[in-house]
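In: Have a look at this fold, sequence not included:
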């Protein structure tokens, strides 16, 4: 029938644009567009998805036919349900747009077509027209290599990672959850005892009444709805009353428990025993990948409890989990773009850059740098890259504002190339 004839006509195409919303839209030239209604609706009989993708398998899996899509990863997931692979993707409008406009990338084909073509179009024909205008722009901006060698292959890797998922030991999580809840209950009893009454610790209003009206602690700031009891407020009150550190601990444990213990158990797929997150390639302005539903990138690592939670992530039988990280990548990039001699020298000689910075800032020999000095200078090193000021740095490393200012000044005196680079960037932005 018609489907067979369509499949036949596509088999000799050089380019094939595909887009799927309520219908599967296909175009080979940008002038003619075929819309295939999938599944039955109230108004349309529609075609069985399995039947459609099986008929089109030859064209979809043919590497020689260039594919043009918006969000290839999403399309791969749809096809995978029917055992069909997508081969030959050369244009992903979503990723191309991200490279060209990382600050505000378009989230749908319709939005992108409206922005670039001047009309609201969400069919496959728009993809061919977009490719003709966007790919030359990528080349003009020197982004073709990044697009072809990094972003496109990475999309396929992320698809595989999402599909395979991460193995989790649910029993470990459940045991930890029970232990956490026992600890949370014990802390709650201590809080009630110090407050002289029972109340909802997680209620901002009730907690405000206890801390500021009943216990007469100095209010840090007020909001429209009453006293603020945010993390910053509690930190400033931590040494004013023994109830405050307990409240901080109660909140921390409650959040860890609901978000990471009970939260992770809830999203383990029963059929695979694994968690399947979504890796977003076009969300962050810096080019970093983000993870959602659930977010697997914010599992705490700095606390003992966070490290315990990470133990629940396990390798499947016969495999190992390997953890790799770039060593001080931001600072290596900074050394390169600022061409600061001292920083380049430190890296060339394999020095520990944080310890080397500490030796210069504290005016001590390298071998006399203490872990505390190194830790403070690590905050300076990374903070400087992001334009940290003396006030924020002082709070981060627990020193006076004057001392923090001295650290920054000494740092920029020693790494004068970094200072020049930062001044130059600031001027060029004015």
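Out: Thanks, I have the structure now. Only a predicted model underlies this, so the values are computations on that prediction, with no experimental measurement involved.
In: and after the host helix or strand of residue 8, which helix or strand comes next?
Out: With secondary structure defined by DSSP states H and E, residue 8 is part of helix 2-10. Later in the chain than helix 2-10, the nearest helix or strand by DSSP H and E is strand 15-20.
In: So which residues of the stretch 251-400 of the chain form strands?
Out: For the stretch 251-400 of the chain, the strands defined by DSSP state E, counting those that start in this stretch occupy 274-275, 278-280, 290-292.
In: Check the offset of the helix or strand containing residue 180 from the chain's centre.
Out: In this structure, residue 180 sits in helix 170-195 according to DSSP H and E. Centroid separation for helix 170-195 versus its chain: 30 Å, with Cα atoms, centre = their mean, to the nearest Å.
In: Quick one: mean pLDDT for the next helix or strand after that helix?
Out: Past helix 170-195, further along toward the C-terminus, the next helix or strand under DSSP H and E is helix 204-208. In this model, helix 204-208 has an average pLDDT of 91.
In: Tell me which strands the next helix or strand after helix 204-208 pairs with, and in which orientation.
Out: Downstream of helix 204-208, the next assigned helix or strand under DSSP H and E is strand 222-223. Under the criterion DSSP bridges, strand 222-223 sits next to strand 226-227 (antiparallel) in its sheet.
In: what's the residue closest to the geometric middle of the chain?
Out: For the chain, the residue sitting closest to the mean C-alpha position, by Cα atoms, centre = their mean, is residue 290 at 2.0 Å.
In: Mind checking the strands of the stretch 251-400 of the chain for the one nearest to residue 317?
Out: strand 274-275 (13.0 Å; Cβ to Cβ). No exception for glycine: its C-beta is placed from N, CA and C like everyone else's.
In: For the helix holding residue 180, name the packing helices and strands.
Out: helix 243-255, helix 263-266, helix 304-310 (3 or more Cβ pairs under 8 Å, 6 or more residues apart in numbering; DSSP states H and E).
In: now with 6 Å?
Out: When contacts are defined as 3 or more Cβ pairs under 6 Å, 6 or more residues apart in numbering; DSSP states H and E, helix 170-195 packs onto helix 243-255, helix 263-266.
In: Just the buried residues of the first one, please?
Out: What that stands for is helix 243-255. Neighbour-count burial for helix 243-255 flags 243-244, 246-247, 250-254 (criterion: 16 or more other Cβ atoms under 10 Å).
In: again with the last one
Out: For helix 263-266, the buried set under the neighbour-count rule, 16+ other Cβ under 10 Å, comprises 263-265.
In: ok, residues contacting it?
Out: 170, 173 (Cβ atoms under 6 Å, 6 or more residues apart in numbering).
In: Rounded mean pLDDT for it, please.
Out: 90.
In: out of the buried residues of helix 243-255, who's nearest residue 306?
Out: residue 252 (9.9 Å).
In: what's the neighbour count on residue 349?
Out: Neighbours of residue 349 under the rule other Cβ atoms under 10 Å: 8.
In: and if you look at residue 340?
Out: Neighbour count of residue 340, defined by other Cβ under 10 Å: 20.
In: wait, doesn't it sit right on residue 419?
Out: No: between residue 340 and residue 419 there is no contact under Cβ atoms under 6 Å: 8.7 Å.
In: can you redo the buried residues of helix 263-266 as TSV with distance to residue 375?
Out: Output for the buried residues of helix 263-266, formatted as TSV (distance: Cβ to Cβ, whole Å):
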residue	distance to residue 375
263	31
264	30
265	35
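In: Can you tell me which of these lies closest to residue 374?
Out: Of the buried residues of helix 263-266, the one sitting nearest to residue 374 (Cβ to Cβ) turns out to be residue 264, at 33.8 Å.
In: Could you report the distance from that closest one to residue 189?
Out: 27 Å (Cβ to Cβ, to the nearest Å).
In: Could you do residue 411 as well?
Out: In terms of Cβ to Cβ, residue 411 sits 48 Å off from residue 189.
In: Looking at these two, which is more packed in?
Out: In this view residue 411 and residue 189 are compared by other Cβ under 10 Å, and residue 411 has more residues nearby, 19 against 10.
In: contacting residues around that one?
Out: Shown in contact with residue 411 (Cβ under 6 Å, 6+ apart): residue 380.
In: Beyond the host helix or strand of it, next helix or strand please.
Out: Per DSSP H and E, residue 411 falls inside helix 401-414. On the C-terminal side of helix 401-414, the nearest following helix or strand under DSSP H and E is helix 416-429.
In: the inter-axis angle of that next one versus helix 401-414?
Out: Interaxial angle, helix 416-429 versus helix 401-414 (axes from the mean of the first three to the mean of the last three Cα atoms, to 10 degrees): 100 degrees.
In: Okay, buried residues for helix 416-429 please.
Out: Neighbour count says helix 416-429 has 417-419, 421-422 buried, by 16+ other Cβ under 10 Å.
In: Pick out the most distant pair among those residues.
Out: 417 and 422 (9.8 Å).
In: and the gap between residue 427 and residue 421?
Out: Counting by Cβ to Cβ - residue 427 and residue 421 are separated by 11 Å.
In: Tell me, how many residues neighbour residue 268?
Out: 19.
In: quick check, nearest of the buried residues of helix 243-255 to residue 152?
Out: residue 252 (41.4 Å).
In: Among the strands of the stretch 251-400 of the chain, which comes closest to residue 233?
Out: Among these, the nearest to residue 233 by Cβ to Cβ is strand 290-292 (29.2 Å).
In: which residues touch that closest one?
Out: Looking at what lies outside strand 290-292 - Cβ under 6 Å, 6+ apart - the contacts are 277-280, 283-284, 297.
In: and it, which strands flank it?
Out: Strand 290-292 has these strand partners (DSSP bridges): strand 278-280 (antiparallel).
In: Can you name the residues in contact with the partner strand?
Out: Contacts of strand 278-280 (Cβ under 6 Å, 6+ apart): 158, 289-293.
In: how about JSON lines for those, with pLDDT added?
Out: Below are these laid out as JSON lines (pLDDT from 0 to 100):
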{"residue": "158", "pLDDT": "98"}
{"residue": "289", "pLDDT": "93"}
{"residue": "290", "pLDDT": "94"}
{"residue": "291", "pLDDT": "95"}
{"residue": "292", "pLDDT": "93"}
{"residue": "293", "pLDDT": "91"}
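In: Just put those residues in a markdown table and tack on distance to residue 392.
Out: Listed next are the contacts of strand 278-280 as a markdown table, based on distance: Cβ to Cβ, whole Å:
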| residue | distance to residue 392 |
| --- | --- |
| 158 | 34 |
| 289 | 27 |
| 290 | 24 |
| 291 | 27 |
| 292 | 28 |
| 293 | 32 |
